[in-house]
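Novice: Predicted model, plus sequence, below.
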Amino acid sequence: MLMSLLSMLGGGLMRMMPEVFAIANKSKDYSHELAMLEKQAELEKTRSAMRMEEVRFTSESEQALAVYDARKAALEGQMQKTGMKIVDAMNFLVRPLTTYYFLLIYGMAKLAMFVLAIYSGLSGWEAILRLYDEDDRSILAGILAFWFVGRVVEKRS
């Protein structure tokens, strides 16, 4: 009788072994499928971020090109001759005269500050060093960049 019970238990266990293995395999398959879905979701996040960056870059590029075209059109419109010599001369001279005017005013202001510094007892070199500050360096750098970059652009054209 004991053998019958053991045989019954052994047979039942043997019958259940494939089911246990199937459950273990399904659990492993589900874990693998879940990992693959997580990787796929991560890949989609990366792709969407790249697409958003591409759209942003394209948008900024198109905007910069539109601004460039608008400036080009404005400059071309300003240099159109009207046929009236006085109007054409004024149109041509507006920018240089404005530039010279502001340079003259700036120079006069710096000269006035220099004279005041000398009258307050500073030596000439010390007055110059105190007057030539960070803003003056920035202005000089901007002017030099404008003229030298302009030369490079003109050479390429």
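Specialist: Here it is on my side, so go on.
Novice: And the average pLDDT for the longest helix anywhere in the chain is what?
Specialist: Taking DSSP state H as the criterion, the chain has its longest helix at helix 2-78. Average pLDDT, helix 2-78: 81.
Novice: List the buried residues of whichever helix or strand comes after that helix.
Specialist: Of the helices and strands lying after helix 2-78 in sequence (DSSP states H and E), the nearest is helix 85-119. Residues 114, 117 are the ones in helix 85-119 that count as buried (16 or more other C-beta atoms under 10 Å). (Each C-beta comes from the backbone N, C-alpha and C, glycine too.)
Novice: residues in contact with the helix or strand just after helix 85-119?
Specialist: Using DSSP H and E, the helix or strand that follows helix 85-119 in sequence is helix 124-131. The contact list for helix 124-131, computed with C-beta atoms under 8 Å, 6 or more residues apart in numbering, reads 110, 113-114, 117-118, 122.
Novice: Now do helix 124-131 against helix 85-119: the angle between them, please.
Specialist: Here helix 124-131 points in a direction 120 degrees away from that of helix 85-119 (axes from the mean of the first three to the mean of the last three C-alpha atoms, to 10 degrees).
Novice: Distance from whichever helix or strand comes after helix 124-131 to the middle of the chain?
Specialist: Per DSSP H and E, the first helix or strand lying C-terminal to helix 124-131 is helix 134-156. Counting by C-alpha atoms, centre = their mean, to the nearest Å, helix 134-156 is centred 22 Å from the centre of its parent chain.
Novice: any idea of the mean pLDDT in helix 134-156?
Specialist: Helix 134-156 shows an average pLDDT of 79 in the prediction.
Novice: what angle do that helix and helix 85-119 make?
Specialist: Orientation of helix 134-156 against helix 85-119 (the same axes, to 10 degrees) gives an angle of 150 degrees.
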